[in-house]
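Engineer: sequence plus predicted model, see below.
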Amino acid sequence: MSEPRPDYLPEAIREKLIHDPRVAEQDLRVEVRAHRVMLGGNVSSPQLKQRITEVAKELLPDYEVVNETTVVPAAEPDGEEPVS
């Protein structure tokens, strides 16, 4: 990956994560500081969290990747919702 200007790097990484079919997650925060990539947000599974880490490491192999995303499984609705 040709590295964009440092002030554009977080958004460039976020865009690549959104458009990578292994991730395709829009609710991610990306911060870059001193060769460290900090990832945050909510994801639906531990597997997706792991894929996000893997893709970020592929994009920036010389950076430390810290994935602080939270796994929030999608819950099934409790019963039926009335329609008015």
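Structural biologist: Right, received. Where do you want to start?

Engineer: show me what whichever strand or helix holds residue 29 packs onto, helices and strands only.
Structural biologist: For residue 29, the enclosing helix or strand under DSSP states H and E is strand 28-33. Other elements packing on strand 28-33 under the criterion 3 or more CB pairs under 8 Å, 6 or more residues apart in numbering; DSSP states H and E are helix 9-19, strand 36-43. Every residue, glycine included, has its C-beta placed from N, CA and C.

Engineer: quick check: buried residues in that strand?
Structural biologist: Neighbour-count burial for strand 28-33, with 16 or more other CB atoms under 10 Å as criterion, is recorded at 28, 30, 32.

Engineer: surely the first one touches residue 38?
Structural biologist: Meaning residue 28. No: under the contact definition of CB atoms under 8 Å, residue 28 does not touch residue 38, with a separation of 10.7 Å.

Engineer: grab the nearest non-local neighbour of the residue nearest the centre of the chain.
Structural biologist: Using CA atoms, centre = their mean, the residue of the chain that lies closest to the mean C-alpha position is residue 28, 4.4 Å off. Once its chain neighbours are removed from consideration, residue 28 has its nearest residue in residue 41; the separation is 4.3 Å (CB to CB, 6 or more residues apart in numbering).

Engineer: tell me the pLDDT of the one you found.
Structural biologist: As summarised for this prediction, residue 41 has a pLDDT of 93.

Engineer: any idea how far it is from residue 61?
Structural biologist: Applying CB to CB, to the nearest Å, one obtains 22 Å for the distance of residue 41 from residue 61.

Engineer: more crowded one of these two?
Structural biologist: In this view residue 41 and residue 61 are compared by other CB atoms under 10 Å, and residue 41 has more residues nearby, 19 against 9.

Engineer: and the more buried one, what does it touch?
Structural biologist: By CB atoms under 8 Å, 6 or more residues apart in numbering, residue 41 lies in contact with 25, 27-29, 69-70.

Engineer: tell me how far it lies from residue 14.
Structural biologist: Taken as CB to CB, the spacing of residue 41 relative to residue 14 amounts to 10 Å.
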